[in-house]
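Q: one predicted model, sequence on top.
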Amino acid sequence: MTGPLAGIKIIDLSQIVSGPMAATMLADQGADVIKVESPHGDPVRTLGPRKGDRSAMFIAVNRGKRGLAIDLKTRGGRTILERLIGWGDVLIENFRPGTMERLGFGHERCAALNPKLIFASITGFGQEGPYRNIRVYDPVVQAVGGIAATQIDHKGQPSLVRTLVADKVTAVTMAQAITAALFHRERTGVAQRVDVAMVDAAIAFNWPEGMYNHSFLAEPPPAFPEYGALSRLWPAADGQVAIGMMQDVEFIALAKSLGLDDLASDTGLHSVGGRMARQKEWAPRVADAIAARTLDALMAGFIREGAVGGRVNAVADMPADPQVVFNETIIAIDHGDAGPVRAARPPARFAASPAAAQGPAPTLGEHGRAILADLGFADDMVARFAEEGALIG
């Protein structure tokens, strides 16, 4: 393993997206991650396009892990997990509150088995509270956390972001929290429990612009247009672009890129207030200038003038975008019989300890026997676990 987390050992008991994605981020940064699944496997294995028991989504959030499938209803399965807990630095789970306790592996039990273990728990709404027993998926968190209310459709109704934004921001939040807990343990020797509720992560993520009209408590200033209302895509001759002009210099650069030099030199437009007051004057001219140009011509102008702008890439075309190609953002990972699978590389670049996708996502229970051997189980014991149905795969 390479990367800044090389040597860190993680037990990933989580499933779907939030926990697995957090663990994969840590695997990309060098951690040794063992994905522990039930005999039926992670439900995401069969969600969407797949080959064998690995869907594209499963691969994206489980690459670089070793796979172990055990039945915790058996004595052997519990024995294996006990040994794993003694081995690990971090345990990640995202079950409903109380599930780990019912399985016999709540935080207190895990801490007794391994006082140095960081116990990382993701829930939908938190360990306690009126919603603790509700089963949670991403759309529910978007709804309760206010994200849907910031996505107003053409009828003025809230709508959902059409990606798993709450799951993924929870993953990022948990991955960062785990590294902070590891750093704390390194300095103090003390391990701790880390809890992230999806709704808390979503609200914090959405707050800066989504809630700016609801932040001042004492004598709030006049409401500003909602941030989403200030954003739009602009039709071009052969597609659409996104532009921005928050700063005066950016409006000037945009106008110059479109050949609207008179707007660029109009000092009355060199402030946000001035542009808002005269929007009906300049916005149609900007719209017409964009509509008259191709995406290639617009991008050339944006690059030349340093304007804020970018083409709207179709999903299928995004990997071929010149900057994406230059950044080497898209990689391919060999998945054996499934062939090469495209993915996004780890986005953070470390100069001294490079991160990298560590390998394919495992098939169900793929590395079970090897993992048990690493944990010190004798061959006859491993065979017995398999015969009893404690070890799957």
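A: Done, it's in. Quantities reported herein were computed from a predicted structural model and do not represent experimental measurements.

Q: now residue 34: phi and psi?
A: Residue 34 adopts backbone torsions of phi -110, psi 120, taken as degrees, to the nearest 10.

Q: any idea how far the closest residue to it other than its chain neighbours is from residue 366?
A: Excluding the flanking residues, the one nearest residue 34 by Cβ to Cβ, 6 or more residues apart in numbering is residue 66, at 5.0 Å. Quick note: C-beta positions are derived from backbone N, CA and C, even for glycine. Going from residue 66 to residue 366 by Cβ to Cβ, to the nearest Å gives 8 Å.

Q: so where is the protein shaky, pLDDT-wise?
A: 1 (pLDDT under 70).

Q: again, 80 this time
A: 1, 229-230 (pLDDT under 80).

Q: which helix or strand contains the residue most central in space within it?
A: Note on the chain: the residue nearest the mean C-alpha position is residue 168, at 3.0 Å, using Cα atoms, centre = their mean. Using DSSP states H and E, residue 168 falls within helix 165-188.

Q: quick revisit: what's the separation between the residue nearest to residue 34 and residue 4?
A: For residue 66, the distance to residue 4 equals 20 Å [Cβ to Cβ].

Q: one more: residue 286?
A: For residue 286, the distance to residue 4 - Cβ to Cβ - is 45 Å.

Q: cool, and residue 117?
A: Taking Cβ to Cβ, one finds residue 117 at 20 Å from residue 4.

Q: residue 148 too?
A: 36 Å.

Q: those strands in the protein, which residues are they?
A: Taking DSSP state E as the criterion, the chain carries its strands at 9-12, 32-37, 50-51, 54-55, 66-70, 90-93, 118-123, 193-197, 234-236, 239-244, 308-311, 330-334, 340-344, 391-392.

Q: pipe those strands into JSON lines and attach distance to residue 279 and mean neighbour count per row.
A: Putting these into JSON lines (distance: least, Cβ to Cβ, whole Å; neighbours: other Cβ atoms under 10 Å) gives the following:
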{"stretch": "strand 9-12", "distance to residue 279": "51", "mean neighbour count": "24"}
{"stretch": "strand 32-37", "distance to residue 279": "51", "mean neighbour count": "25"}
{"stretch": "strand 50-51", "distance to residue 279": "49", "mean neighbour count": "15"}
{"stretch": "strand 54-55", "distance to residue 279": "46", "mean neighbour count": "23"}
{"stretch": "strand 66-70", "distance to residue 279": "56", "mean neighbour count": "25"}
{"stretch": "strand 90-93", "distance to residue 279": "49", "mean neighbour count": "26"}
{"stretch": "strand 118-123", "distance to residue 279": "44", "mean neighbour count": "25"}
{"stretch": "strand 193-197", "distance to residue 279": "40", "mean neighbour count": "20"}
{"stretch": "strand 234-236", "distance to residue 279": "14", "mean neighbour count": "17"}
{"stretch": "strand 239-244", "distance to residue 279": "14", "mean neighbour count": "16"}
{"stretch": "strand 308-311", "distance to residue 279": "17", "mean neighbour count": "19"}
{"stretch": "strand 330-334", "distance to residue 279": "38", "mean neighbour count": "14"}
{"stretch": "strand 340-344", "distance to residue 279": "37", "mean neighbour count": "15"}
{"stretch": "strand 391-392", "distance to residue 279": "62", "mean neighbour count": "24"}
